[in-house]
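Student: Provided below are the primary sequence and the corresponding predicted coordinates.
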Number of protein chains: 2
Amino acid sequence: MDLLLATRNPNKTREFRELLGQAFGVIDLSSFPEIATPEEAGRTSEENAILKAIAASKQLPSLVIADDSGLEVDALGGAPGVFSARYAGENAGDVSNVDKLLRELRKQNIATEKRSARFRCVIALAQNGKLLGVFEGFVEGKIVDPPRGSAGFGYDPIFEPKGFDQTFAEITPESKNKISHRGQAIAALRKALREIEN
Amino acid sequence: MDLLLATRNPNKTREFRELLGQAFGVIDLSSFPEIATPEEAGRTSEENAILKAIAASKQLPSLVIADDSGLEVDALGGAPGVFSARYAGENAGDVSNVDKLLRELRKQNIATEKRSARFRCVIALAQNGKLLGVFEGFVEGKIVDPPRGSAGFGYDPIFEPKGFDQTFAEITPESKNKISHRGQAIAALRKALREIEN
C-alpha cells in the first residue's frame, strides 16, 4: 500500500520509512511541488496534523498521513510545543531553535533535574478530505546542556529520554525509533492501516 | 572523469557535486565502507587534506580528492580551525559545535564588530599514493549570535560573509557556492583537472 506523507522534511520521511518498513511505500510532498500546504495555525499538534492531512488528501487521491510533533519543556510552560519547528523564527533551522531553547533555560537558571520535557507526535490519517484516524505517541525525558551527539535531527541533541544517559542524537536510529514519540504513534498507525487493508 | 571524494560527510559530497557539475562524477567513501580513513592528526588543514587524499589513493585506483575545512575565529586565537568538525568532542554534531563556539564568545563578551572569522578550505588531489596538487580557498566574514537560517551545514548559521547581511545558512546554495571557501578551492581544482584531462 502506498502512503503520501504530507511533509517536505526529509528527516521525517526517513523516520517514517524506517518505521513503516517494506509493507508500505512512503512518498512525500517533495515529489509534488504544486501541492499547497496549509499554514500550521492550530493551537495543538492534533489540530495541525489534521489540517495538513485533510488539505493534502483533498488534492491527491492516495491515503495521506501528516505528522505534527513538538517538544514540551515544563520549565518553559510547555514551549516550544506546536512552535517547535519555528521557535527561533519562520526560517529557523535546528541550530537556531536549539540555541534559543538553551538560552531561555540558561536565562532562568533552571537546574538539570528540573528540566523535564517530552516529545509528542500526532499523526492524522485522511483520504479524499475525510479524517480516518488520529494516532499519538510521546516520550518523557529531560533537556541536557550542552547538546550532545550528531544523529537524528531537531532537538535530538538536547533530549535525553528517561532511563537513558544518552541523547536521541547519541543513540542509533533503531534505538531511537523503538522508544520515540514518532515510533509509538507510527505503531498505532500501522495497526489501523492493517485493518484498512483487510 | 570520475573522482573519489575521501569523505563520509554527505553535505560535503553534495557541495562538490553542485560545484563540479556534470563534467566530473563524484563518488564518496559511503560506497566503500571497507576503506580505512586516517586520524586527522595534522596541525593544519593542508596536512589533513593531504593525509586523507594519500591514504585513500593508496587503497583505490581512482583520482582522489580530499577536503579539509575549518572556521578560524580571531577572538578565539584561530579556534576551532582544524578541530572544527569535532570542536565539542569526537561525536559532536553541528548543534553541539555551534553551541560551544557561541558559549566561548559569550563568556568573553566579544562585541559583534570584533567577531571577525574566516572559513578556509584546502583540497588535496592524489593518485596511487602520490600528491598531484593542493588547492585552497577562503572567505572572510564574522560570527553572528544568535544563529540564523536553515540551509547549509556546520557553522553556516553563524557565519556572515563580508558584504552580506545574511548568513551562509540564509542564502541559496548557488549564492554560497559562488563566494564560499569551498567554491574557490574547487574552482582551482577544476582548472587543474582540466589540464590533467588534456
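Tutor: That came through fine. Numbering: from 1, shown residues only, chains lettered A, B, ... in the order given.
Student: every contact and neighbour count from this point should use C-alpha atoms.
Tutor: Will do.
Student: closest to the centroid, which residue in chain A?
Tutor: Residue closest to the average C-alpha location in chain A (Cα atoms, centre = their mean): residue A:69, at 3.2 Å.
Student: keeping just the C-alphas, turn stretch A:162-173 into PDB.
Tutor: C-alpha atoms of stretch A:162-173 as PDB (Å, rounded to 0.1, in the frame of the first residue of the first chain):
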ATOM      1  CA  LYS A 162      14.000   8.700  30.700                       C
ATOM      2  CA  GLY A 163      16.100   5.700  31.600                       C
ATOM      3  CA  PHE A 164      19.000   6.700  29.200                       C
ATOM      4  CA  ASP A 165      22.200   8.600  29.800                       C
ATOM      5  CA  GLN A 166      22.500   9.400  26.100                       C
ATOM      6  CA  THR A 167      20.600  11.900  24.000                       C
ATOM      7  CA  PHE A 168      18.400  11.000  21.000                       C
ATOM      8  CA  ALA A 169      21.400  12.200  18.900                       C
ATOM      9  CA  GLU A 170      23.800   9.800  20.600                       C
ATOM     10  CA  ILE A 171      21.800   6.500  20.100                       C
ATOM     11  CA  THR A 172      21.200   4.600  16.900                       C
ATOM     12  CA  PRO A 173      18.100   5.300  14.700                       C
END
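Student: what comes up buried for it?
Tutor: Under the neighbour-count criterion of 16 or more other Cα atoms under 10 Å in any protein chain shown, stretch A:162-173 has A:166-171, A:173 buried.
Student: what is the biggest strand by length in chain A packed up against?
Tutor: In chain A, assigned by DSSP state E, the strand with the most residues is strand A:130-143. Applying 3 or more Cα pairs under 8 Å, 6 or more residues apart in numbering or on different chains; DSSP states H and E, one finds that strand A:130-143 contacts helix A:45-59, strand A:116-127, strand A:159-161, helix A:181-197.
Student: show me what the mean pLDDT comes to for that strand.
Tutor: Strand A:130-143 comes out with an average pLDDT of 97.
Student: what does that strand rub up against?
Tutor: A:46, A:50, A:53-54, A:57, A:73, A:112-113, A:115-126, A:158-162, A:179-186, A:188-189 (Cα atoms under 8 Å, 6 or more residues apart in numbering or on different chains).
Student: of those, buried ones?
Tutor: Buried members of these, scored by 16+ other Cα under 10 Å, are A:46, A:50, A:53-54, A:57, A:73, A:115-126, A:158-161, A:179-186, A:189.
Student: what residues sit buried inside the lowest-mean-pLDDT helix or strand in chain A?
Tutor: Ranked by mean pLDDT, DSSP states H and E, the weakest helix or strand in chain A is helix A:10-20, scoring a mean of 90. Using 16+ other Cα under 10 Å as the test for burial, helix A:10-20 gives A:12-13, A:15-17, A:19-20.
Student: same check, this time on stretch A:31-51
Tutor: Across stretch A:31-51, burial judged by 16+ other Cα under 10 Å covers A:37, A:40, A:44-51.
Student: report the distance from it to the chain centre.
Tutor: 13 Å (Cα atoms, centre = their mean, to the nearest Å).
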